[in-house]
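Colleague: test case, fold it:
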Amino acid sequence: MSVEITKLPSGLTVITDTMPHLETAALGVWAGVGGRDEKPDEHGMSHLLEHMAFKGTTTRTSREIVEEIEAVGGDLNAATSTETTAYYARVLKADVPLALDVLSDILAHPSFDAEELEREKSVIEQEIGAAQDTPDDVVFEHLSELSYPDQAMGRSLLGTPQTLAGFNRENLQRYLNTHYRGPEMVVAAAGAVDHQAVVAEVERRFASFDGTPSPKPTPASFGKGGSRVIHRDLEQAHLTLALEGLPQSDLSLFSLQVFTNILGGGMSSRLFQEVREKRGLCYSIYSFHAAYSDTGFFGLYTGTDPADAPEMMEVIVDEMNNAVETLTEAEIARAKAQMKAGLLMALESCSARAEQMARHILAYGRPLTVDELVKRIDAVSVETTRDAARSLLSRSRPAVVALGSGRGLDTAVGFAEGLSKPKARVLLH
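Modeller: Below you'll find the predicted structure:
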């Protein structure tokens, strides 16, 4: 990887990875601000601000923004997450300056037109309604609330109709000015790019983002766990479980990820084989781990017939408890191979490269090399994976949410108590 980095006097970082064999480039602006930075009366503002970025600037209308990019065959998009917001484009190499011009314009000179704002608030209300009609979204929204109670970490990124109604041009501009600061911003580009040319464009176009750091969010605190049952007349019961995971900087992170993959990361995982292939209890089941700056979120999801929900949760708990002490060398090797393949395959995409570099800068202050990442994966062993799994089960009481109909849901969430701290602590010691 031919990665080059320049840190501007404002604190904004420019990072590029030139891929000479490509004729296109992926580039974007990543800001270290997301849903967890919002105060209660700002709930949903990060996401609304992302939407409004494309709704006109002082020099371009919303239509002109998309037409200029699409006229050269490019595309433009954005995304909001818990800790970051990204605005990115994919263009031919000759159009990199145009893409940077548009990206800087939508962030440095948004118009926040009143009519456009009201229309976009209505669009997001429709998005909220669509999410409420989607059981997968609903159950995870409740799981986040239960896992991070009374915290921005536990709130939906979309906001609510009530909070959206209170947003206006002035508080949007204030939020932008407060959180979009040089030290928390990264411009990343990969593909057919020249580093010095990108730096020159960024220096000129992003000069208004000065070097004053933005305020830090309140530290996250995983809750006391417990259970919640939401009764809805649905064909399936949707079951989710969460445990406190590990932050991005934890040295055990890769071992925990290996455990997560062995448990529910693919078709060869223990849960998929046991509950779908052997028992036929579900169509989909998976586990995942999301690492943040100061916390981590281990999650598990499945959908099943309401009558089978108690058996499903009992099997899940048994598999999780048993896996801690029965992991095999073959499973570890398979999970590590999957992780390395996923890492290396992603590097074939300039979009994935740009995103990875930006996220590394925001998380670690530098890009982690491929060799470094592969070395960390290779260092995972059966013992480190077991230690990570034991710590996971002992770190917090599980948060469990079930969504659906039938009396079996209450029984199902009760089985989750079998994933108990006392048992895990005995194993740990």
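
Colleague: just for the stretch 301-429 of the chain, where's the confidence low?
Modeller: 420-429 (pLDDT under 70).

Colleague: strands of that one, start to end?
Modeller: In the stretch 301-429 of the chain, strands defined by DSSP state E, counting those that start in this stretch lie at 399-404, listed in chain order.

Colleague: quick check: R353 touching T16?
Modeller: No: R353 is beyond contact range of T16, at 9.7 Å (criterion: Cβ atoms under 8 Å). C-betas here are computed from N, CA, C, even on glycine.

Colleague: shared neighbours of the two, anything?
Modeller: Overlap of the contact sets of R353 and T16 (by Cβ atoms under 8 Å, 6 or more residues apart in numbering) consists of A190.

Colleague: more neighbours, those two?
Modeller: Taking other Cβ atoms under 10 Å, R353 and T16 do not tie; T16 has more neighbours (27 against 23).

Colleague: which strand residues bridge that one?
Modeller: Beta-bridge pairing for T16 (DSSP bridges): E4, A189.

Colleague: these two touch, right, it and A188?
Modeller: Yes: in this structure, T16 is within contact of A188 by Cβ under 8 Å, at 7.3 Å.

Colleague: what's stretch 204-216 in contact with?
Modeller: Taking Cβ under 8 Å, 6+ apart as the rule, stretch 204-216 contacts 8-12, 32-33, 37, 100-101, 104-105, 107-108, 178-185, 187.

Colleague: and that stretch, which residues are buried?
Modeller: For stretch 204-216, the buried set under the neighbour-count rule, 16 or more other Cβ atoms under 10 Å, comprises 205-206, 209, 214.

Colleague: quick one: mean pLDDT over that stretch.
Modeller: Computed over stretch 204-216, the mean pLDDT rounds to 91.

Colleague: count of residues packed around S284?
Modeller: 12.

Colleague: so it: helix, strand or coil?
Modeller: Recorded secondary structure, S284: strand (DSSP: H, G, I helix; E, B strand; the rest coil).

Colleague: one more: the one 3 residues further on?
Modeller: Secondary structure assignment for S287 (three-state DSSP): strand.

Colleague: quick one: list the elements packing against the helix or strand hosting A86.
Modeller: Following DSSP states H and E, one finds A86 within strand 85-92. In terms of contacts (3 or more Cβ pairs under 8 Å, 6 or more residues apart in numbering; DSSP states H and E), strand 85-92 is packed against strand 24-31, helix 45-52, strand 75-80, helix 96-108, helix 350-364.

Colleague: and the shortest one, which strands flank it?
Modeller: Using DSSP bridges, the strands paired with strand 75-80 in its sheet are strand 85-92 (antiparallel).

Colleague: so what would you say the end-to-end distance of stretch 157-172 is?
Modeller: End-to-end distance of stretch 157-172 (Cα to Cα, to the nearest Å): 16 Å.

Colleague: distance from the chain centre to that stretch, please.
Modeller: 22 Å (Cα atoms, centre = their mean, to the nearest Å).

Colleague: could you do stretch 396-410 as well?
Modeller: Here stretch 396-410 shows a centroid-to-chain-centroid distance of 24 Å under the convention Cα atoms, centre = their mean.

Colleague: ends of it, how far apart?
Modeller: So stretch 396-410: terminal residues 21 Å apart, Cα to Cα.

Colleague: so which bits of it are buried?
Modeller: Here stretch 396-410 shows 396-404, 406, 408-409 as buried, counting by 16+ other Cβ under 10 Å.

Colleague: what stretches of the stretch 51-200 of the chain score poorly on pLDDT?
Modeller: Looking at the stretch 51-200 of the chain by pLDDT under 70, you get an empty list.

Colleague: would you map the helices across it?
Modeller: 62-70, 96-108, 114-132, 135-147, 161-165, 169-179, 195-205 (DSSP state H, counting those that start in this stretch).

Colleague: using PDB, write out the CA atom coordinates for the third one.
Modeller: Okay, so that is helix 114-132. Below are the C-alpha coordinates for helix 114-132, written out as PDB (Å, rounded to 0.1, in the frame of the first residue of the first chain):
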ATOM      1  CA  ALA A 114     -36.100  26.500   5.500                       C
ATOM      2  CA  GLU A 115     -38.300  24.800   2.900                       C
ATOM      3  CA  GLU A 116     -35.700  22.100   2.200                       C
ATOM      4  CA  LEU A 117     -35.300  21.600   5.900                       C
ATOM      5  CA  GLU A 118     -39.000  21.000   6.500                       C
ATOM      6  CA  ARG A 119     -39.100  18.600   3.500                       C
ATOM      7  CA  GLU A 120     -36.200  16.600   4.700                       C
ATOM      8  CA  LYS A 121     -37.600  16.400   8.200                       C
ATOM      9  CA  SER A 122     -40.700  14.900   6.700                       C
ATOM     10  CA  VAL A 123     -38.500  12.500   4.700                       C
ATOM     11  CA  ILE A 124     -36.800  11.300   7.900                       C
ATOM     12  CA  GLU A 125     -40.200  10.900   9.600                       C
ATOM     13  CA  GLN A 126     -41.100   8.500   6.800                       C
ATOM     14  CA  GLU A 127     -37.800   6.800   7.400                       C
ATOM     15  CA  ILE A 128     -38.600   6.500  11.100                       C
ATOM     16  CA  GLY A 129     -42.000   5.000  10.200                       C
ATOM     17  CA  ALA A 130     -40.400   2.500   7.900                       C
ATOM     18  CA  ALA A 131     -38.000   1.400  10.600                       C
ATOM     19  CA  GLN A 132     -40.900   0.900  13.000                       C
END
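
Colleague: use 39 as the first number for this chain going forward.
Modeller: Sure, I'll start numbering at 39, so the last one becomes helix 152-170.

Colleague: please identify the buried residues of it?
Modeller: For helix 152-170, a neighbour-count test (16+ other Cβ under 10 Å) marks 154-155, 158-159, 162-163, 166, 169 as buried.

Colleague: swap in the second one?
Modeller: With burial defined by 16+ other Cβ under 10 Å, the residues of helix 134-146 counted as buried are 134, 136-146.

Colleague: could you do the fourth one as well?
Modeller: Neighbour-count burial for helix 173-185, with 16+ other Cβ under 10 Å as criterion, is recorded at 173, 176-185.

Colleague: of these, just say which sits nearest to G341.
Modeller: Nearest to G341, judged by Cβ to Cβ, of those is P173 at 7.7 Å.

Colleague: quick one on the thing from earlier: include secondary structure when you put the buried residues of stretch 242-254 into TSV, please.
Modeller: TSV is the format used below for the buried residues of stretch 242-254 (three-state DSSP):
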residue	secondary structure
R243	helix
F244	coil
F247	coil
S252	coil
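
Colleague: tell me, what residue is most central in this protein?
Modeller: By Cα atoms, centre = their mean, the chain has its centre lying nearest to S119, at 5.4 Å.

Colleague: which one is it nearest to, not counting chain neighbours?
Modeller: Once flanking residues are discounted, S119 sits nearest to G72: 5.1 Å by Cβ to Cβ, 6 or more residues apart in numbering.
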